[in-house]
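> give me a model of this one.
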Amino acid sequence: MSIAVTPEHEELASSVRRWAERHAPAEVARAAYTSDPAARPEFWPALADQGLLGLHLDDEFGGSGAGMVELAVVCEQLGRALVPGPILPTMLGSLLVQQSGSRALAKELLPMVVDGRVTMAVALEPAGLTAASTDDGWVVRGEAPVVLSGATADRLVLGAHGEVGDVWVVVDAEAVEVRTRESLDRTRPVARVIANDVHVTFERVLEGMHADTVRDLGVVLLAAEAAGVAAWCLDEATGYARTREQFGVLIGEFQAIKHRCADMLVRVEEAAALAWDAAVAAGDSDQRALASAAAAAVGPEAAVTNAKDCVQVHGGMGYTWEHDAHLYLRRATTLRQLVGHPATWQTRVATLAIEGARRVLTLEVGDAGDTREQIRSLVDQAAGLEGHEQRAFLADHGFLAPHWPEPWGRGADAQEQLIIQQELRRAGVKVPPLVMGDWVLPTLIAHGSDEQRERFMQPSLYGQLTWCQMFSEPGAGSDLAGLSTRAERVDGGWLVNGQKVWTSIAQFSDWAICLVRTNPDAPKHAGITYLLVDMKSDGIDIRPLKEMTGHEMFNEVHLDDVFVPDDCVVGEVDRGWQYARTTLDNERVAIAEGPVMDTILEDLVGLADRTGQAALPHVQERLGVLLCEGSALAILGLRSTARTLAGLSSASTASVRKLVSAHHKQDVAELGLQLLEAEGATTEADASTWSFQFLLMRSFTIFGGTSEIQKNVIGERILGLPRDRRTGDIGRDQQDPA
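Alright, predicted model coming up:
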C-alpha cells in the first residue's frame, strides 16, 4: 500500500512520517489557510536539518545522493501528511538543475537548497513565455499563469519558446512579477509569474533541458504525492467505518461500505505501483515517457476519487470544514489540475504503444554465489531432452514446484525461485503446468500420510495423474461451509452421496479432491472431511456443462454410494476445512519480468492499428485506460516479488490483482470485439477470436469467488472492516479456497 519495496524504503517513509508528526501536524496545514501565502513555513530549517531537501542531490552539493525512488517515497509521505509549503516544487527545481548540463549553476544554487536558504518553483509547461536571444543570453517575456508555490520561491524554473526550440532558465524571484492567486489548495497556493523583458544570462540556462524531461520528472513527484493523498483517504475512511455506528451496527459491516473501501484500496495500490515505476524509469529516456504517462493518467485521479469517497463514507461529518477530508480533496484536485486531464495521458499512453513503445520490467537478483551456475547446468541438461523425459528430469530436480520441500521441490527461497525461472526462460524450457496439482499436492505434503505422498506425488509430478476439485455444490455455490454432500462410515471406509458442480476437467481427471460433511451435528466449519476420490469409482456420474462459449470444461458430478477407502482420507476426519485452506509458508514467487503487455493486450493494440481506429479519440482513451491497467497489474506483480525478496509482506497484492485482473480481461476482450464493428456480429476470422474471448471472460468475475465476494474479502481481511454480524463472515464463508 505504499511506494516502498525495501526495508530501507520503509524506514525512510517511517522517518518522514515521524518528522511530519513533529513539525507539520494537521493544524499546520490548516494554519496555512489564514497565513501569508508567500511566507516560508516555520518548519523549513527543521526540514533542511532532516536532510530531506538534499536527499536526491549529489554529495558534491551537500546532498545524500539518493535516487528517484527514494524521492518518490518522500513525496508520497509528505502528501499523506498534507505537509504545506514549497517542498515538492523545490525538490523538482533542484532536480532539474542537477540533471541539466549547467554545472556552474548547480554548484552555486544547490548547496543553498540543501541547507534551506533557497526555495524553488517550476512552471511545468513553457506556454505563455517566449525567449529572444541576445549576445550573452536570452530576454524572456510573457507569463506563466499557474505556478505551484510560485509566491514562496526564491528561484523559479521557467520554460520559454525560443527561436529554435524551448529554453529553460532559472530566474530570481525579484526579477519577475509574482502574483499570488486565490487557490483551491491554500496549503500550497499557485501564482501567476509575469516576465517583463527579463534578461537571463547563459549561466542561468539549463543546458540540455527539454519540456518532456521537465514534464516527466514533475509527474513522478506529483504522482507519488497523489499516491500518498489517496492512501490517507483510504486509512481515514476505513478507520471511521470500523468505529462509526449507524442503525445500531458499525457502518463497516455494510457491504456497500466494504466495496467502496475495497475500490479505494485498489486505487491506492495502482497509484503507488505506477508512481514507483515512473520513478524507476526516470533515468531511462526510452522507458520514461510511457511510465510517467501511465502514472499521470492514474495517480492524481485516484487521489481525487478516494478523497470523494472519504467524504462519502464520513457522510455529513465529511462535508464539514472542521474535518480534514476537504483539505485532501483540495490537494488532490489541485494535483490533477496541474498534471492534466487523465484522458490526455491515457491518449498519450495509447499513442506511444501504437508507435511501438513498450515498458520492460526487470528485477535485480542479488549475488547468488554458485547457485545460478548449478541451476544453469541443470536447466541446460533439461533443454536437451524432450517430452516425458524432460518433464521427469524437471520433476526429479524440483523445478516443477521449487518452493516445495525436497524431494518434490527444492525448498527454494524467493531468490532461488527467481533464478530458476530466469534460467528456464533463458533456455526456452517451459515448465508443464500441474493444473489442480498446484492445490492438491501441497495439501498432501502438509497433511497427507506417508503412504499418500508415496502413492500420489511422483505420478502427479510426472503427469501420469490428473486431478480435479470437487468443492462447490448447487445449493451452496462457493459457500463451502454450507456444503451438504455427505459421507457415512462403513466397513473400511466411507460411502459418499451428493452432488458437486463447476468441477473443471472432471471428465478427463484420474482423481479428485472432495470436501464432504461427515458430522452434520458439528458447527458450520467443523464436521467436514477432505477425501481423495478415484474418478473411476462406481457411482460417479459426470455430466458436462456446456458454457456460453459452447465448450464443456465444467461439470456436474453426481455421487451415489461412492466408496472411498480410509487410506484416501487426508489428515483427520472432520478437519477438512482447515486442510482446504492450507497454504505453505514458502509460497511460489511468480516472476514478473519482461514487457508489461500480455499477449491479449498486444493483440488489442495490433487490432486497433490494423483497423485504423487507433486514431479515433474515444478509442485512444479506452485503449489507454486498459494499457495503464495492464501496466499496473504487471508492476504490482513485480513489486510483490521485490518485497518478497526483501523479506517484506505484500499481503494485499494478490487480492487486488485478482479483482482488477478479472475486470481488466473482460474489458480488453470487449473493446477488441467493438473494434471489429459490424464484423463483430460474425464468428469468422478475427471475430472468431474476439467473440470467444468476450464470452469466455464473463466467467472471470464469477469463478473462484465473485468480484463482490472478493471485495468483501479485501474489506474484512485486509482493511480490517467488521464482518456483518447478521449474515456471518462473508469473506470466510463464501470465498471458495480454490
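> can you map out the helices along the stretch 501-650 of the chain?
Assigned by DSSP state H, counting those that start in this stretch, the stretch 501-650 of the chain shows helices spanning 576-580, 599-610, 617-645.
> okay, now the unreliable bits of the stretch 401-550 of the chain?
For the stretch 401-550 of the chain, the stretches flagged by pLDDT under 70 are 477-480.
> show me the domain layout of the chain.
7-209, 371-432, 441-580, 594-733 (automatic domain parsing).
> the strands in the stretch 401-550 of the chain, which residues?
With DSSP state E, counting those that start in this stretch as the criterion, the stretch 401-550 of the chain has strands at 467-470, 486-490, 493-500, 511-517, 528-534, 540-545.
> can you put the domains of the chain in JSON lines and add mean neighbour count and distance to Leu265?
Heads up, the C-betas are built off the backbone N, CA and C, glycines and all. Shown next, in JSON lines, are the domains of the chain (neighbours: other Cβ atoms under 10 Å; distance: least, Cβ to Cβ, whole Å):
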{"stretch": "domain 7-209", "mean neighbour count": "19", "distance to Leu265": "15"}
{"stretch": "domain 371-432", "mean neighbour count": "18", "distance to Leu265": "24"}
{"stretch": "domain 441-580", "mean neighbour count": "18", "distance to Leu265": "22"}
{"stretch": "domain 594-733", "mean neighbour count": "19", "distance to Leu265": "6"}
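> going by mean pLDDT, which of those domains comes out lowest?
Of all these, the minimum mean pLDDT falls on domain 594-733 (a mean of 87).
> which of the domains of the chain sits closest to Ala262?
domain 594-733 (3.9 Å; Cβ to Cβ).
> leaving out sequence neighbours, find the closest residue to Arg331.
Asp185 (4.9 Å; Cβ to Cβ, 6 or more residues apart in numbering).
> surely the one you found touches Leu329?
No. In terms of Cβ atoms under 8 Å, Asp185 does not count as a neighbour of Leu329; the distance is 9.3 Å.
> what about Trp168, which helix or strand?
strand 166-172 (DSSP states H and E).
> helices or strands next to that strand in the packing?
Secondary-structure packing of strand 166-172 (3 or more Cβ pairs under 8 Å, 6 or more residues apart in numbering; DSSP states H and E): helix 87-99, strand 137-148, strand 155-161, strand 190-201, helix 211-243.
> and with 6 Å instead?
Under the contact criterion of 3 or more Cβ pairs under 6 Å, 6 or more residues apart in numbering; DSSP states H and E, strand 166-172 touches strand 155-161.
> which residues sit against the strand it packs on?
93, 96, 118, 120-123, 126, 129-131, 140, 166-171 (Cβ atoms under 6 Å, 6 or more residues apart in numbering).
> and Phe247, what pLDDT?
For Phe247, pLDDT reads 87.
> and it, how far from Glu253?
Separation of Phe247 from Glu253 (Cβ to Cβ, to the nearest Å) stands at 10 Å.
> how about Gly63: what's its closest non-neighbour residue?
Leu57 (2.8 Å).
> quick check: that neighbour is in a helix.
No. Counting by DSSP: H, G, I helix; E, B strand; the rest coil, one finds Leu57 to be coil, located in no helix.
> mind checking the backbone torsions on it?
phi -100, psi 150 (degrees, to the nearest 10).
> could you dump the strand holding Trp168 to CSV, C-alpha only?
What follows is strand 166-172 as a C-alpha-only set of coordinates in CSV (Å, rounded to 0.1, in the frame of the first residue of the first chain):
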residue,chain,number,x,y,z
ASP,A,166,12.2,25.8,-26.0
VAL,A,167,14.6,27.3,-23.5
TRP,A,168,14.6,26.5,-19.8
VAL,A,169,16.0,29.1,-17.4
VAL,A,170,16.4,29.9,-13.7
VAL,A,171,15.4,33.4,-12.6
ASP,A,172,15.4,35.2,-9.3
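> elements contacting the helix or strand that that strand is followed by?
Reading on from strand 166-172 to the C-terminus, the next helix or strand found by DSSP H and E is strand 177-180. Counting by 3+ Cβ pairs under 6 Å, 6+ apart, the packing neighbours recorded for strand 177-180 are strand 190-201.
> residues touching the strand it packs on, excluding its own?
Taking Cβ under 6 Å, 6+ apart as the rule, strand 190-201 contacts 136-141, 143-148, 150-151, 169, 171, 175-181, 183.
> dump the strands of the stretch 401-550 of the chain into TSV; add distance to Leu109 as well.
Converted to TSV, the strands of the stretch 401-550 of the chain look like this (distance: least, Cβ to Cβ, whole Å):
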stretch	distance to Leu109
strand 467-470	65
strand 486-490	78
strand 493-500	72
strand 511-517	67
strand 528-534	69
strand 540-545	70
